[in-house]
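Participant: fold the following, please.
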Amino acid sequence: QEHRELLARMAEGQAELERLRKAEGAQAAQQDRSAQLEKEVATLREKIHHLDDMLKSQQRKVRQMIEQRKGAGRGAGRGSGISPLSWGSLPDPNPGLSQNLEMHDRIEHLIEQQVSRAGLSSRARSKSECVSR
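Facilitator: Residues are numbered from 1 along each chain as shown. Predicted coordinates:
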């Protein structure tokens, strides 16, 4: 009878050991996935930062072009009789602006898709949207 009890306890111990091994394996897999997601988040943050820098640079360029256009309009308006109302007939100093805005929209859309695919929380998603805007 003691032999049977010991065999039963041994079987219980082996079952518990197997369960713990599986739990440790699942925990290791979760840690690997967590590390992978952290790397992905870091990469996405770098991309967002880079895109934000590009956007700010484009905004500075647009502001400079607007200022140049205003300055050219004032100077030309005095000397040659071109009024500010006729600026629409002047050639656009930045024909690629609409393309830049379209590209920005596409990039923002792609970032949102990547963030949503990564399965990040809505809090992290809203943070990245604020940064990208």
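Participant: can you show me the helices along this protein?
Facilitator: Counting by DSSP state H, one finds helices in the chain at the ranges 2-80, 97-117, 122-132.
Participant: the longest one to helix 97-117, inter-axis angle?
Facilitator: Calculated by axes from the mean of the first three to the mean of the last three C-alpha atoms, to 10 degrees, helix 2-80 forms an angle of 170 degrees with helix 97-117.
Participant: just checking, what packs against helix 2-80?
Facilitator: helix 97-117, helix 122-132 (3 or more C-beta pairs under 8 Å, 6 or more residues apart in numbering; DSSP states H and E). Bear in mind the C-beta positions are built from the backbone N, C-alpha and C, glycine included.
Participant: worst average pLDDT in those?
Facilitator: Mean pLDDT across those is lowest at helix 122-132; the value there is a mean of 49.
Participant: just put the helices of the chain in a markdown table and tack on mean neighbour count.
Facilitator: Shown next, in a markdown table, are those (neighbours: other C-beta atoms under 10 Å):
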| stretch | mean neighbour count |
| --- | --- |
| helix 2-80 | 11 |
| helix 97-117 | 13 |
| helix 122-132 | 13 |
